[in-house]
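S.K.: Sequence and predicted structure, then a few things I'm wondering about:
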Amino acid sequence: MKSIMAALALTAAALPMAANAQAEAPMPPITGTRLDISATGEATRVPDIAVISAGVVTKQATASSAIQENSTRMDRVLSALKRAGVAERDIQTSAISLNPDYRYQDNQPPQLVGYSATNQVTVRFRDIRSSGKILDALVAEGANQINGPNLTIDKPEAALDEARQNAIANGKAKAALYARSLGMQVVRVVSVSEGGGGAFPPPPAPPPMFMEARASADSKVLPGEQKLQVTVSMVFDLR
């Protein structure tokens with residue numbers, strides 16, 4: 001019985017080692033010349049999502065009045081978003097704060113003069129070409145802090161797959177070029193690994209803009225195009 005238990009214990013201990021050995025299979029041996037290639041593939045899409053930060057900052061003599069005014073104006077902003085067709089799932093509270101305001105004078109202790117209340121939401125617009133009008137409506141309804149828009153792609157998977165195919169094709173083309181230059185041929189692809197992928201970083205968002213309400217305006221938001229990029233590392237066997 002003891003010998004059976006010992007055998008089972010040894011078998012259980014060996015299983016993780018066997019699993020690791022199977023997961024980390026060694027690279028097939030290269031009989032010719034090894035060539036390591038790094039290649040990048042790109043795909044271009046028109047952004048279909050605009051993300052902005054919209055908020056209300058209010059200043060009053062007391063904390064309660066600052067919060068009350070802020071809440072009233074923020075309700076108007078949220079109502080404007082919903083009237084514009086923005087779904088509730090695309091509106092997310094990102095920051096709420098209340099801070100004292102002080103007046104500073106030479107050789108005098110700071111003097112409390114009031115309070116500032118801030119409420120910000122992050123909003124996703126699925127109709128980019130209408131987002132300019134929505135921004136103007138927000139300002140008219142009391143939003144006085146706007147940051148963005150940042151344009152992005154809602155579902156990038158298909159574009160990333162296209163970028164992967166382009167990366168592989170670019171890697172093969174590079175390998176063939178090196179092989180011809182060396183008077184050799186590509187025998188096989190030994191390994192492929194993906195180094196990273198994603199949307200090309202957009203330009204940095206502008207700093208928050210404190211805005212006064214306007215009677216009418218039309219802020220143009222042009223989607224342009226955005227690049228998605230994938231990089232792969234490939235190992236080839238040349239002979």
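M.R.: Received it, and whenever you're ready, just let me know what you need.
S.K.: Can you list the residue ranges for helices in this structure?
M.R.: With DSSP state H as the criterion, the chain has helices at 2-23, 63-83, 128-140, 157-181.
S.K.: Which one of those lies nearest to Pro110?
M.R.: Closest to Pro110 of these is helix 63-83 (CB to CB; 16.6 Å). Using the backbone N, CA and C atoms, a C-beta is placed for each residue, glycine as well.
S.K.: hmm, who's touching the closest one?
M.R.: 54, 56-60, 88, 91, 98, 114-119, 121, 123, 134, 137-138, 140-143 (CB atoms under 8 Å, 6 or more residues apart in numbering).
S.K.: same question, stretch 102-114
M.R.: Outside stretch 102-114, the residues touching it (CB under 8 Å, 6+ apart) are 59-62, 66, 100-101.
S.K.: Quick one: end-to-end length of it, please.
M.R.: 7 Å (CA to CA, to the nearest Å).
S.K.: that older thread, would you turn the helices of the chain into a markdown table with mean pLDDT and mean neighbour count?
M.R.: Formatted as a markdown table, the helices of the chain follow (pLDDT from 0 to 100; neighbours: other CB atoms under 10 Å):
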| stretch | mean pLDDT | mean neighbour count |
| --- | --- | --- |
| helix 2-23 | 49 | 9 |
| helix 63-83 | 94 | 17 |
| helix 128-140 | 83 | 20 |
| helix 157-181 | 97 | 16 |
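S.K.: so which of the ones you listed comes closest to Val221?
M.R.: Nearest to Val221, of all the helices of the chain, is helix 128-140, at 4.5 Å by CB to CB.
S.K.: Report the angle between the closest one and helix 63-83.
M.R.: Here helix 128-140 runs at an angle of 150 degrees relative to helix 63-83 (axes from the mean of the first three to the mean of the last three CA atoms, to 10 degrees).
S.K.: Which elements pack onto helix 128-140?
M.R.: Using 3 or more CB pairs under 8 Å, 6 or more residues apart in numbering; DSSP states H and E, the elements in contact with helix 128-140 are strand 49-60, helix 63-83, strand 145-152.
S.K.: Same list (the ones you listed) but as JSON lines, adding distance to Ala158.
M.R.: Formatted as JSON lines, the helices and strands packed on helix 128-140 follow (distance: least, CB to CB, whole Å):
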{"stretch": "strand 49-60", "distance to Ala158": "15"}
{"stretch": "helix 63-83", "distance to Ala158": "29"}
{"stretch": "strand 145-152", "distance to Ala158": "15"}
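S.K.: Can you mark which positions in stretch 44-52 are buried?
M.R.: 45, 47-52 (16 or more other CB atoms under 10 Å).
S.K.: Just the closest of these to Tyr178, please.
M.R.: Closest to Tyr178 out of these is Arg45 (31.6 Å), distances taken as CB to CB.
S.K.: ok, that closest one to Gly148 distance?
M.R.: 19 Å (CB to CB, to the nearest Å).
S.K.: what's the closest residue to Gln185 other than its chain neighbours in contact with, if anything?
M.R.: Distances taken as CB to CB, 6 or more residues apart in numbering put Ala179 closest to Gln185, at 5.5 Å, once the chain neighbours are dropped. Counting by CB under 8 Å, 6+ apart, Ala179 touches 35, 185-186, 236, 238.
S.K.: So among the residues you listed, which ones count as buried?
M.R.: 35, 186, 236, 238.
S.K.: Among those residues, which pair sits farthest apart?
M.R.: Farthest apart among these - using CB to CB - are Leu35 and Val186, which lie 7.9 Å from each other.
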